[in-house]
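quick one, what's the 3D model for this:
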Amino acid sequence: MVFVASEELVMGETYTVRVKIRNFEAFDAANAAILFRWENYGAGGPWQDLPPVVYEDIHAGPAGITEVETTFVPHASGHLCLQVKVEHVEDKDRTNSTGQENLH
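Presented below is the predicted three-dimensional model:
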């Protein structure tokens with residue numbers, strides 16, 4: 001696999017998006033939902049979900065890292081945003097459950 005910088009994506013190409021998720025709680029987050037989505041920020045369009053929603057067990061502790069991946073095909077040029085969100089019923093702090101990368 002070859003790493004491609006977010007500002008060098010080509011419209012219509014398929015890319016693998018890999019994220020690392022950490023769980024700083026004292027317990028595992030069993031069956032957490034990992035949602036990927038994108039938006040054409042320049043057009044002000046709505047967020048588009050990237051299927052499928054991935055369900056993973058996110059292990060406890062700062063040393064535990066769970067990697068999750070999906071594929072993404074840029075369908076537009078310009079300023080796109082790619083976002084990942086982790087949802088779990090026992091999440092105590094939802095302010096740190098979303099990550100975003102700006103694409104060009």
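
only C-alpha atoms for contact and neighbour calcs from this point on.
Noted.

so which residue is dead centre in this structure?
Val84 (2.5 Å; Cα atoms, centre = their mean).

quick one: the closest residue to it other than its chain neighbours and Val54, what's the gap?
Closest residue to Val84 apart from its sequence neighbours, by Cα to Cα, 6 or more residues apart in numbering: Phe36 at 4.5 Å. Using Cα to Cα, to the nearest Å, Phe36 is found at 9 Å from Val54.

quick one: which of the two has more around it?
Between Phe36 and Val54, counted using other Cα atoms under 10 Å, the more crowded position is Phe36 (26 against 15).

which elements pack onto the helix or strand containing that one?
Using DSSP states H and E, Phe36 sits in strand 29-40. In terms of contacts (3 or more Cα pairs under 8 Å, 6 or more residues apart in numbering; DSSP states H and E), strand 29-40 is packed against strand 48-58, strand 80-87.

please identify the deepest-packed of those.
Comparing the helices and strands packed on strand 29-40 on average neighbours per residue, with mean count of other Cα atoms under 10 Å, the densest one is strand 80-87 at a mean of 19.

just the CA trace of the lowest-mean-pLDDT helix or strand in the chain, in PDB.
Here the helix or strand of the chain ranked lowest by mean pLDDT, DSSP states H and E is strand 61-72, holding a mean of 85. Presented in PDB, the C-alpha positions along strand 61-72 are these (Å, rounded to 0.1, in the frame of the first residue of the first chain):
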ATOM      1  CA  GLY A  61      -6.300   1.900  28.100                       C
ATOM      2  CA  PRO A  62      -4.100   4.500  26.300                       C
ATOM      3  CA  ALA A  63      -1.800   1.800  25.000                       C
ATOM      4  CA  GLY A  64      -4.600  -0.100  23.300                       C
ATOM      5  CA  ILE A  65      -5.100   1.100  19.700                       C
ATOM      6  CA  THR A  66      -7.700  -0.300  17.300                       C
ATOM      7  CA  GLU A  67      -7.300   0.300  13.600                       C
ATOM      8  CA  VAL A  68     -10.300   0.600  11.400                       C
ATOM      9  CA  GLU A  69     -10.500   1.200   7.700                       C
ATOM     10  CA  THR A  70     -12.900   1.800   4.800                       C
ATOM     11  CA  THR A  71     -12.600   2.900   1.200                       C
ATOM     12  CA  PHE A  72     -13.200   6.300  -0.200                       C
END
